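> Below are the sequence and a predicted model for it; my questions follow.
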Amino acid sequence: MPANRKHPKKRSKNWVKTVTTSAIDVPEGTMNKPAKQVAAALLRKNKGKPPGSINRYIQFYLNRGGSGISQTRRKTLKRAMELIRESA
């Protein structure tokens, strides 16, 4: 075997930390509000976007937060996703 063989890159377990998105316009502090206010703010700021796109952003936020997001906050954001889905 050649001595200069490259080793495969090791994958980081926290790959999502390095990912950023600018697809959805989210006002500062929106994700810390009640479900109705989160849904209303996201729908208002992203009028031209389909509800599925907004819900994907919320899911990305939940995935990125991981275990750092409390169960009550997670439940609130899931409810916001339902409200966005119903508004369509």
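That came through fine.

> Out of the helices and strands in the protein, which is least certain?
helix 51-65 (a mean of 90; mean pLDDT, DSSP states H and E).

> does Ala40 count as helix, strand or coil?
helix (DSSP: H, G, I helix; E, B strand; the rest coil).

> Using PDB, write out the CA atom coordinates for stretch 39-47.
Below are the C-alpha coordinates for stretch 39-47, written out as PDB (Å, rounded to 0.1, in the frame of the first residue of the first chain):
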ATOM      1  CA  ALA A  39     -47.700  30.700  13.600                       C
ATOM      2  CA  ALA A  40     -49.000  34.200  12.900                       C
ATOM      3  CA  ALA A  41     -45.500  35.800  12.800                       C
ATOM      4  CA  LEU A  42     -44.100  33.200  10.500                       C
ATOM      5  CA  LEU A  43     -47.100  33.400   8.100                       C
ATOM      6  CA  ARG A  44     -47.100  37.200   8.100                       C
ATOM      7  CA  LYS A  45     -43.400  37.500   7.400                       C
ATOM      8  CA  ASN A  46     -43.400  34.700   4.700                       C
ATOM      9  CA  LYS A  47     -46.600  35.400   2.800                       C
END
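
> what's it in contact with?
24-27, 30, 33, 51, 53-54, 57-58, 80, 83-84, 87 (Cβ atoms under 8 Å, 6 or more residues apart in numbering). Using the backbone N, CA and C atoms, a C-beta is placed for each residue, glycine as well.

> who are the neighbours of the least confident helix or strand of the chain, in terms of helices and strands?
Where contact means 3 or more Cβ pairs under 8 Å, 6 or more residues apart in numbering; DSSP states H and E, helix 51-65 is packed against helix 35-45, helix 71-87.

> Columns distance to Gly65 and mean neighbour count on top of those, output as CSV?
Putting these into CSV (distance: least, Cβ to Cβ, whole Å; neighbours: other Cβ atoms under 10 Å) gives the following:
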stretch, distance to Gly65, mean neighbour count
helix 35-45, 14, 17
helix 71-87, 8, 15
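
> can you list the ones you listed in JSON lines and add distance to Lys6 and mean pLDDT?
Below are the helices and strands packed on helix 51-65 laid out as JSON lines (distance: least, Cβ to Cβ, whole Å; pLDDT from 0 to 100):
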{"stretch": "helix 35-45", "distance to Lys6": "44", "mean pLDDT": "94"}
{"stretch": "helix 71-87", "distance to Lys6": "41", "mean pLDDT": "95"}
